[in-house]
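Trainee: Structure for the following, please:
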Amino acid sequence: MSEYHIDANVFHKRLNLLLSSWKEASDANELFQGCESILVVIGTADVPNPYQKSAAMHTWLLGYEFPSTLMLVEKERVTFLTSNTKASMLAQLLETDNKAIDVNILKRTKDPAENRALFDEIIKYLRATNKKVGIFPKDINQGKFVNEWNEVFEPVKSEFEMVDASMGLAKALAVKDELEISNVKDASRVSVASMTKYFADELSTYVDRGVKTTHSKFAERVERLIDNESFFQKKDVRLGDIDTEQLEWCYTPIIQSGGQYDLKPSAITDDRNLHGDVVLCSLGIRYKSYCSNIGRTYLFDPSPEQQKNYSFLVALQRKLIEYCRDGTVIKDIYTKILGFIRSKRPELESHFVKNLGAGIGIEFRESSLLVNAKNTRTLKAGMTMNLSIGFANLVNPRPKNSHPREYSLLLVDTIQVTRGDPVVFTDSPKAQADISYFFGDEADDIEDGAKQRKPSTRGTATVSSHKGKTRSETREVDDSVEKRRAEHQKQLAARKQAEGLQRFAEGSTHTTGVEKPTVKRYESYKRDSQMPQAIGELRILVDYRAQSIILPIFGRPVPFHISSLKNASKNDEGSFVYLRLNFLSPGQIGGKKDELPFEDPNAQFIRSFTFRSSDSSRMNQIFKDIQDMKKAATKREAERKEFADVVEQENLIEIKNRRPIHLNDVYVRPALDGKRLPGFVEIHQNGIRYQSPLRSDSHIDLLFSNMKHLFFQPCEGELIVLVHIHLKAPIMVGKRKTQDVQFYREVSDIQFDETGNKKRKYMYGDEDEIEQEQEERRRRAQLDREFKTFGERIAEASDGRVELDIPFRELAFSGVPFRSNVLLQPTTDCLVQLTDTPFTVVTLSEIEIAHLERVQFGLKNFDLVFIFQDFHRPPVHINTIPMEQLDNTKEWLDSCDICFSEGPLNLNWTTIMKTVNEDPVAFFQEGGWGFLGTGSDDEAENSDEEVSEYEGSDVEPEEEESEEGSEEYSEAASDEDFSGSEVEEEEESGEDWDELERKALQEDAKREQNGDHPIKKRR
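Mentor: Numbering: from 1, shown residues only. Got it, this is the predicted structure:
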């Protein structure tokens, strides 16, 4: 428990402040009601209401709330009754010389009789006073500890007079010391960042894009911000050294719009839709148990009257803050503000709020410092105030579009009272120009905006249909689609070219993405004493421990690390055995070894040794040992490279106080070692866990921070229903590396026997087929709902890190990404194949360009290649896609804004990408991906038109066509392996194909001149 530090000096200093007020005669009678002891009993921690006086007193004095603890404060002594563990922590209060009063710590045990005796001792202390006991009557404490105390105290409670000491504690809490003010200031900085850097940006984006959402869902998104560490690490947020682990919300953010507003601090966010008219937002952050609060009004297309009222409110708040000075009576502040309204804008008096905020600190609302027309208390330097000013239920005489007539205005800030000008902790933009958004006539409320704006087509391509159209209509539709697609592809190609030139501009620094080979330093032995004792024999030794070979050279043993060995060979010649050892050195030819760097390439290297021996058995054994050690070293190096990108995940933070959300009876891929049995998946604080039923230590942990994509695939047309997770970096599952983890359940469980055997015990004859089909549909629908709901829960728990994505089966096409033909399905962000292993997940945003290969007349299939923005990443090939899916594939790629090209041949992408990586600047300067034939749709269309229709001319372009035809024929003839004699006989027997083609074209030309319709060329 040493991690919990209690500052004894702070405890006694603050307790002395409480005692000083208590000992004053006026405060003792007015605030403490004449009591001589204050009894504070805390049961279990009350999470729904953290602002109880008992908890506030604990936090103020000790820095923490101590559940199941009794504290009795007297003017000369403070007594704690608690458990052994907490008592050891409270013992830190004894380690100081500046004690305000004596500290007495009573330790509870497991013996009920001893605990009762301790309660009796507390009652004995109470009887020694004037029997007036100060309590906090509004606090509600529950739990076993409180029940045990009540059993002892209730029978004797009539002996004592219980009085309210809340006002006495409130006075002590009102004036903050430097540490408390620092905590309020830090909490205010986080509140300002949440309002200005997140809420305001998200709100403007929602309204601008016409996103439809509710107040409650928006508030939930803002509430999840507190767990988003990446947000607080941004440079523009500037939170400094704030410990984000100690941040929490004072309340759920309050978001209001659409004509219904509540300016009270107790307002709650409703489930109505967000409207882009007048939006109010209030939010507050607690830091180290100290609260802050901020509230702003955002205006969308405000009318002149609304702008005028808001400007007046800003001026009014400025006056309010100026009045909050040391020595000012609180009711005078309200009176002055109200007088200012009456003199400037009397028509607004009826809409003015009834109070202007209250004190703030450990308690969110210090009611003793409520700013209204009745409070006679005086402000003092060091107090922190939460000022809230606004006008409710104003009427807009000329609302725009569908904006409601009623609206409200609100401004909330946290300040510190000083002897001079107050300090505003939540100073953020609130001027008219900072909170007003003008969209012109196009802006409307979010519901109308959603109807007017065109939805995004990202990942939702439209498959064209020609049903019910004549041939001419179909041709027109195809032509228009082709033209539109070709024009769009030209724009995408130009954009990619411009991006490439900018990305690899001359003079700019760009990384290659591949680590350059580094010099390997290896050491066999640090000292001579580490070498084997057998070196004195001056024989060849193989030392597995040091991974070295010791060779006798000129009478001395010289070690060589196995990594320096290239290969070894053995030859038998007569009665001798020759062992040759070749070592790595610069300038060697062949293989990748010549790419290895050397620390000093100009140094002298030994390339090989040859040893001769007549002891063949020993030399054979040495050769075998060297080979085995070399194989083991090579294997280790290969494993190191293979698992280089495997990440070490953080520990999973489990949910302890309740049963986590779970999904039972699911299998996992890749499977864990052991018998194949279904396990369960649980959602915890920072990730999910799959638990095997075999052993408690057999589980798979997946953290939200490492999740890249989350998919749910229904069981429609499949034998399984699944939730699939694609990771950012691979992890180890057992002894295997994997980047995809899948949880699935088979649709046909054993309990649903398709033969009906499970039910024939109770039924005679076969079941009705219709009933079976209905049961099958119900079972599949239930599985889909169960897995989809679980996937949505994972997305919610991840706090926006991942979103649930569902494949579009209507856009699916078959292909071969690995060895087997599978069904690939597009999603919003990816192209996936999740049914068969190995899985395929291609992120669309990472694609640089797509290329369609083997697109030519007469072939039944084509191939699709994805080249990624990381040029060092190998391209992904999807082979053998049916040619019937070509148009749909093009349309899908185009709708996803993916630039694509097509060609008739398969390209050597290894060579192409090597060329690109060697000099990307020159690659893009020379045209980039233009060599692939981007925009070939347009070119193919034009070429088809030229070939399909005859154009009369004196020149004979058909000769070129004839030559091409003869070349095709000759190639076909050579493929069929005709003999030379057979070809000669055919040439002698009649006219060749060229001559026949020429005559046919001439006849077509004559018919054209005679007025006949154009005739398609013969091929």
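
Trainee: From what I see, Phe66 and Lys86 are in contact.
Mentor: Yes. Between Phe66 and Lys86 there is a contact under CB atoms under 8 Å: 5.5 Å. Bear in mind the C-beta positions are built from the backbone N, C-alpha and C, glycine included.

Trainee: Please determine how far Cys830 is located from Lys496.
Mentor: Going from Cys830 to Lys496 by CB to CB, to the nearest Å gives 20 Å.

Trainee: nearest spatial neighbour of Val741, skipping sequence neighbours?
Mentor: In space, and not counting its chain neighbours, Val741 is closest to Ile725: 5.0 Å by CB to CB, 6 or more residues apart in numbering.

Trainee: Quick check: which element contains the one you found?
Mentor: strand 720-733 (DSSP states H and E).

Trainee: Repeat that for Ile867.
Mentor: Taking DSSP H and E as the criterion, Ile867 maps to strand 861-868.

Trainee: And the next helix or strand past that strand?
Mentor: Strand 861-868 is succeeded, C-terminally, by strand 876-882 (DSSP H and E).

Trainee: and that next one, average pLDDT?
Mentor: Across strand 876-882, pLDDT averages out at 95.

Trainee: Now that strand: buried residues?
Mentor: Buried residues in strand 876-882, counted by 16 or more other CB atoms under 10 Å: 876-879, 881.

Trainee: Equivalent analysis for stretch 136-148, please.
Mentor: Going by neighbour count (16+ other CB under 10 Å), the buried part of stretch 136-148 is 136, 139, 141, 143, 145-146, 148.

Trainee: from the chain's centre, how far out does the longest helix along the chain sit?
Mentor: Within the chain, and with DSSP state H defining each element, the longest helix by residue count is helix 471-503. Chain-centre distance of helix 471-503: 34 Å, with CA atoms, centre = their mean, to the nearest Å.

Trainee: next structured bit after it?
Mentor: Scanning forward in sequence from helix 471-503 by DSSP H and E, the next helix or strand is strand 541-543.

Trainee: In PDB, could you pull the C-alpha coordinates for stretch 711-721?
Mentor: Only the C-alpha atoms of stretch 711-721 are listed here, as PDB (Å, rounded to 0.1, in the frame of the first residue of the first chain):
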ATOM      1  CA  PHE A 711     -15.900  -7.300 -39.000                       C
ATOM      2  CA  PHE A 712     -19.200  -9.100 -38.600                       C
ATOM      3  CA  GLN A 713     -20.100 -11.600 -41.300                       C
ATOM      4  CA  PRO A 714     -23.700 -13.000 -41.100                       C
ATOM      5  CA  CYS A 715     -24.400 -16.600 -41.900                       C
ATOM      6  CA  GLU A 716     -26.300 -15.800 -45.100                       C
ATOM      7  CA  GLY A 717     -25.000 -18.300 -47.600                       C
ATOM      8  CA  GLU A 718     -22.300 -19.500 -45.200                       C
ATOM      9  CA  LEU A 719     -21.900 -22.400 -42.700                       C
ATOM     10  CA  ILE A 720     -20.600 -20.100 -40.000                       C
ATOM     11  CA  VAL A 721     -21.400 -16.800 -38.400                       C
END
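
Trainee: Can you pull out the residues in contact with that stretch?
Mentor: 722-726, 744-748, 780, 783-784, 787-788, 791, 804-807, 809, 825, 827, 830, 832, 834-835 (CB atoms under 8 Å, 6 or more residues apart in numbering).

Trainee: repeat for stretch 131-146
Mentor: Contacts for stretch 131-146 (CB under 8 Å, 6+ apart): 32-44, 46, 49, 52-54, 67-70, 126, 159-166, 168-169.

Trainee: if you set the cut-off to 6 Å instead, what comes out?
Mentor: For stretch 131-146, the external contacting residues (CB atoms under 6 Å, 6 or more residues apart in numbering) are 32, 34-35, 37-39, 41-44, 52-54, 68, 126, 160-166.

Trainee: Enumerate the beta-bridge partners assigned to the residue nearest to Val741.
Mentor: Taking DSSP bridges as the rule, Ile725 bridges to Leu710, Val741.

Trainee: Looking at it now. What's its pLDDT?
Mentor: For Ile725, the model assigns a pLDDT of 95.

Trainee: Neighbours of it, how many?
Mentor: Neighbour count of Ile725, defined by other CB atoms under 10 Å: 21.

Trainee: I figured it was touching Asp740, is that so?
Mentor: No. With contact defined as CB atoms under 6 Å, Ile725 does not count as touching Asp740 (7.1 Å).

Trainee: Now do the strands in the stretch 701-850 of the chain.
Mentor: Ranges of strands in the stretch 701-850 of the chain, per DSSP state E, counting those that start in this stretch, are 707-713, 720-733, 736-746, 804-805, 813-815, 822-826, 830-833, 840-843, 847-853.

Trainee: These into JSON lines, with extra columns for distance to Glu349?
Mentor: Shown next, in JSON lines, are the strands of the stretch 701-850 of the chain (distance: least, CB to CB, whole Å):
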{"stretch": "strand 707-713", "distance to Glu349": "55"}
{"stretch": "strand 720-733", "distance to Glu349": "58"}
{"stretch": "strand 736-746", "distance to Glu349": "63"}
{"stretch": "strand 804-805", "distance to Glu349": "52"}
{"stretch": "strand 813-815", "distance to Glu349": "69"}
{"stretch": "strand 822-826", "distance to Glu349": "61"}
{"stretch": "strand 830-833", "distance to Glu349": "59"}
{"stretch": "strand 840-843", "distance to Glu349": "59"}
{"stretch": "strand 847-853", "distance to Glu349": "63"}
